[in-house]
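Q: for reference, the sequence and a predicted model appear below.
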Amino acid sequence: MFPKRAARCPYCHAPQPPMVEGEAAACMYCGSVFSVSEGICPRCGTANLEDAEVCRECGEPLSMIGRVFQRHQDARRPPQFLEYARQQAPNIKRTEAEASRRRSDAFHAQEARRIDRLHFQRAEQAAKDRRLLVIGLTALGSLVLILLSVAAVHWLYP
């Protein structure tokens, strides 16, 4: 025995109680007589005429060949998430460009602070070097004066 399937009338689309596949049935609403056969849509359960190729309600192919062709056509179409990603791509690009610009600005500001700090350190080191040079020259001059004084004393008082 065939399994019972819920169906819809192919004429008025009214829902029908579960019916045995292969038997004739009368619609409870419009009274039309139809047979429940391979014309039942696998997607929505609508009973279609036996020679129908697609469902009257949702357009789903009813034959195996029709389903294969539909899958083949669907395979050529990108999946829904890809279509969504393509729609979102300009927003993503704009957001990424803005984030990249902010990162670049932050990097340039950090680099400018580093260069300023380096210039300050170099200036500070140059000032230290000058002070050290002045101290060294002063010490050397004092030493030369002391040596000249000692030499003059030895020369004047042999």
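A: Good, I have the coordinates. Numbering: from 1, shown residues only.

Q: secondary structure element for the most centrally placed residue in the chain?
A: By C-alpha atoms, centre = their mean, the chain has its centre lying nearest to residue 92, at 7.1 Å. For residue 92, the element it lies in under DSSP states H and E is helix 80-156.

Q: mind checking how far that helix is from the chain centre?
A: On the basis of C-alpha atoms, centre = their mean, to the nearest Å, helix 80-156 sits 40 Å off its chain's mean C-alpha point.

Q: ok, stretch 52-68 next?
A: Worked out by C-alpha atoms, centre = their mean, stretch 52-68 lies 37 Å from the chain centre.

Q: and it, what's its mean pLDDT?
A: Mean pLDDT, stretch 52-68: 74.

Q: buried set for it?
A: 52, 55, 56, 57, 60, 61, 62 (16 or more other C-beta atoms under 10 Å). To be clear about C-beta, it is placed using only N, CA and C from the backbone, and glycine gets the same treatment.

Q: now stretch 148-158
A: Result for stretch 148-158 [16+ other C-beta under 10 Å]: no buried residues.

Q: out of the buried residues of stretch 52-68, list just those in strands.
A: Nothing among the buried residues of stretch 52-68 maps onto strands, per DSSP state E.

Q: in a markdown table: those, plus distance to residue 150.
A: Shown next, in a markdown table, are these (distance: C-beta to C-beta, whole Å):
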| residue | distance to residue 150 |
| --- | --- |
| 52 | 128 |
| 55 | 122 |
| 56 | 126 |
| 57 | 123 |
| 60 | 118 |
| 61 | 119 |
| 62 | 124 |
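
Q: having no further points to raise, I will conclude here.
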